[in-house]
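> Need a 3D model of the sequence below.
(chains A, B, C and D)
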There are 2 protein chains.
Amino acid sequence: MAPPSEAPDVAVTVDLVVLTVREDTLCALAVRRGIPPYRGRWALPGGFVLPDEDLPQAAARELAEETGLEQLTGHLEQLATYGAPRRDPRMRVVTVAYLALAADLPAPRAGGDAAAARWAPVAELLAGGGRLAFDHARILGDGLERARAKLEYTPLATYFCPPAFTVAELRRVYEIVWGVVLDPRNFHRKVTRAEDFLVPTGGRTSRKGGRPAALFRRGGARLLMPPMLRPDPGEPRRPP
Amino acid sequence: MAPPSEAPDVAVTVDLVVLTVREDTLCALAVRRGIPPYRGRWALPGGFVLPDEDLPQAAARELAEETGLEQLTGHLEQLATYGAPRRDPRMRVVTVAYLALAADLPAPRAGGDAAAARWAPVAELLAGGGRLAFDHARILGDGLERARAKLEYTPLATYFCPPAFTVAELRRVYEIVWGVVLDPRNFHRKVTRAEDFLVPTGGRTSRKGGRPAALFRRGGARLLMPPMLRPDPGEPRRPP
DNA sequence: GCAAAAGTGTTCTTCGTACACCCATGG
DNA sequence: CCATGGGTGTACGAAGAACACTTTTGC
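Residues are numbered from 1 along each chain as shown, chains lettered A, B, ... in the order given. Alright, predicted model coming up:
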């Protein structure tokens, strides 16, 4: 509500869960730490909030620094804030996590405290506890859960796709993020019927086999209505 | 991601959107500021995060201090974090907002920097911009939106009710929070059929007129399935 | 023509909506 | 016995699941 007379010993950072789909796998941006603590371990990209910077600005700046991604493409939203007293052994650090979604991007570049940066499969980063530095496994898990949930009722999945995409590409996104298999016919009807969800560009794809698919771009709808229903997972996925 | 060598000049607080339903009105807890800035204006309750305290702890402590509410009853979740550079004119303050829901409570007590505290109708606090101090109108608006959305697919509405309640009382909560009128018969079926949503206590109410209603308590379900659908608003509401 | 992928139609069932109707109590 | 609200049954339509079937391309 109100600040104290004296400034407490706290630092505020932003951390980023940047998700993309590459080679039929859901991947997150990870950086290798070049300094202690957790030196040599993978972590989520992030950094300090500058004195004259709002939180979304800080997140967008870090995102651009790490990926070169323009803010015009992709999606960025606040995820949650993590501030356990000893989540960073050096001092009290409260971090505001952001979730970013982007189409397949060129390989990231290292910089700052990061010795390296790469797109890592989310499953790999979350497997076997303790791979990620700090509480970043939990943050990544929360980001993944948020993304999965929002695919149901928002156009978020389209942010994983290039500017023009086919219905099948969009369906792949759902299948990969949710880890399920969806019926291509029902999916097609659903997304093409939803008001303002997809806009036909008029273009068509050409491929080796099969009928060419129509190309679409993201429409103006902010909600997918009726929502896409997520089947309970467990089904296997076919090979790429 | 990693803290700096030197601590930046930032303070971290928690602010609370505490919602309750009293006298057929959705109300939020508001405190009157006793010190500048915004002296004499109403604000959301909140305070500093203590050095050895996690964020949810800080929120729960502030909630208990302001309302006397035990953590056993009610609901508390993180809402969002607000950190615009000049949201507090004195210094950089990043605040982590929490959303709390509670059944009708005794009148709150003032304390700390607050000259007074009261339950104020949400509509009143949000009407005519600039009533609330800082960016608290926006925070309250976000909390309201979150609460409204989560009534659809979670048992959140039951936290507005006393430990044992009737289906009609629960329906009133939905109607008041959403500002709509719901069909009592369909509502009854829906909530009583949903798995683990309501548990009959065996008790019954006695009233002046009409058949006594069965009493229920909140079940163990964390999701309401299938979800309650929110009709588009606009309908008037009958008098209390 | 055949394989392969896009896209349409059809059936069955589930679930929301509207509303008629019955139940149980106080006065 | 009647007013008042609690609770059940039923008919209709919208939408999801499953799947047969047609369309349009490359080879």
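> quick one: secondary structure of residue A:146?
helix (DSSP: H, G, I helix; E, B strand; the rest coil).
> For it, report the pLDDT, please.
Among the per-residue scores, residue A:146 shows a pLDDT of 98.
> Also the one 4 residues further on?
At residue A:150, the pLDDT value in this model is 97.
> For DNA strand C, give me its nearest residue in chain A.
DNA strand C sits closest to residue A:210 of chain A, with a gap of 2.4 Å, by CB to the nearest atom of the strand. C-beta here means a position set from N, CA and C on the backbone, and glycine is covered the same way.
> secondary structure class for that residue?
For residue A:210, the assignment made with three-state DSSP gives coil.
> just residue A:171 next, same as before
Classification of residue A:171 by three-state DSSP places it in helix.
> how much space between it and DNA strand D?
12 Å (CB to the nearest atom of the strand, to the nearest Å).
> Then residue A:102?
Residue A:102 sits at a distance of 28 Å from DNA strand D (criterion: CB to the nearest atom of the strand).
> Beyond the longest strand along chain A, next helix or strand please.
Longest strand of chain A, by residue count under DSSP state E: strand A:10-22. Going down the chain from strand A:10-22, the next helix or strand is strand A:25-33, by DSSP states H and E.
> May I see the buried residues of that following strand?
Using 16 or more other CB atoms under 10 Å in any protein chain shown as the test for burial, strand A:25-33 gives A:26-33.
> Between which two of those residues is the distance greatest?
The two members of the buried residues of strand A:25-33 with the most space between them (CB to CB) are A:26 and A:33, at 22.7 Å.
> circling back: report the angle between the longest strand of chain A and strand A:25-33.
Here the directions of strand A:10-22 and strand A:25-33 differ by 140 degrees (axes from the mean of the first three to the mean of the last three CA atoms, to 10 degrees).
> tell me what strand A:10-22 is packed against?
strand A:25-33, strand A:46-48, helix A:55-67, strand A:92-101, helix A:136-153, helix A:167-178, strand B:10-22 (3 or more CB pairs under 8 Å, 6 or more residues apart in numbering or on different chains; DSSP states H and E).
> Strand partners (parallel or antiparallel) of that strand?
Using DSSP bridges, the strands paired with strand A:10-22 are strand A:25-33 (antiparallel), strand A:46-48 (antiparallel), strand A:92-101 (parallel).
> which regions of chain A lie under the pLDDT threshold?
Filtered on pLDDT under 70, chain A yields the residue ranges A:1-8, A:70-72, A:107, A:109-113, A:129-130, A:234-240.
> near DNA strand C, which residues of it show up?
Contacts of chain A with DNA strand C, taken as CB under 7 Å from any atom of the strand, map to A:166-168, A:184-186, A:188-189, A:192, A:207, A:209-214.
> Return only those of the residues you listed found close to DNA strand D.
Within the set of these, contact with DNA strand D (CB under 7 Å from any atom of the strand) is found for A:185-186, A:207, A:209-212.
> circling back: comparing the helices and strands packed on strand A:10-22, which stretch has the densest surroundings?
Per residue and on average, the most neighbours among the helices and strands packed on strand A:10-22 fall to strand A:92-101, with a mean of 26 (mean count of other CB atoms under 10 Å in any protein chain shown).
> ok and that one relative to helix A:136-153, angle-wise?
Relative orientation of strand A:92-101 versus helix A:136-153 (the same axes, to 10 degrees): 40 degrees.
> Residue numbers of chain A in contact with DNA strand D?
Counting by CB under 7 Å from any atom of the strand, the residues of chain A near DNA strand D are A:183, A:185-186, A:190, A:204, A:206-212, A:226-227, A:229, A:231.
> quick one: which of these is nearest residue B:47?
residue A:227 (38.7 Å).
> from memory that closest one sits against residue A:150, does it?
No - the criterion here is CB atoms under 8 Å, and residue A:227 misses it with residue A:150 at 10.2 Å.
> Would you list the phi and psi of the residue of chain A found nearest DNA strand D?
Going by CB to the nearest atom of the strand, DNA strand D is nearest to residue A:211 of chain A, at 2.9 Å. The phi/psi pair for residue A:211 (degrees, to the nearest 10) reads phi -70, psi 140.
> wait, doesn't residue A:221 sit right on residue A:193?
No - Residue A:221 sits out of contact with residue A:193 when judged by CB under 8 Å, with a separation of 11.8 Å.
> Looking at the two, which one has more neighbours?
residue A:221 (16 against 10; other CB atoms under 10 Å in any protein chain shown).
> can you pull the contacts of the more buried one?
A:155, A:194-197 (CB atoms under 8 Å, 6 or more residues apart in numbering or on different chains).
> any idea how far residue A:219 is from the nearest residue to it once chain neighbours are set aside?
In space, and not counting its chain neighbours, residue A:221 is closest to residue A:196: 3.8 Å by CB to CB, 6 or more residues apart in numbering or on different chains. Separation of residue A:196 from residue A:219 (CB to CB, to the nearest Å) stands at 4 Å.
> now residue A:62
29 Å.
> just residue A:26 next, same as before
Distance, residue A:26 to residue A:219, by CB to CB: 24 Å.
> Let me have the helices and strands packed on strand A:10-22 in CSV, extended by distance to residue B:126.
Output for those, formatted as CSV (distance: least, CB to CB, whole Å):
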stretch, distance to residue B:126
strand A:25-33, 38
strand A:46-48, 34
helix A:55-67, 23
strand A:92-101, 25
helix A:136-153, 25
helix A:167-178, 36
strand B:10-22, 12
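> Identify whichever of the ones you listed lies nearest to residue A:9.
Across these, closest to residue A:9 is strand A:92-101 (CB to CB), at 6.0 Å.
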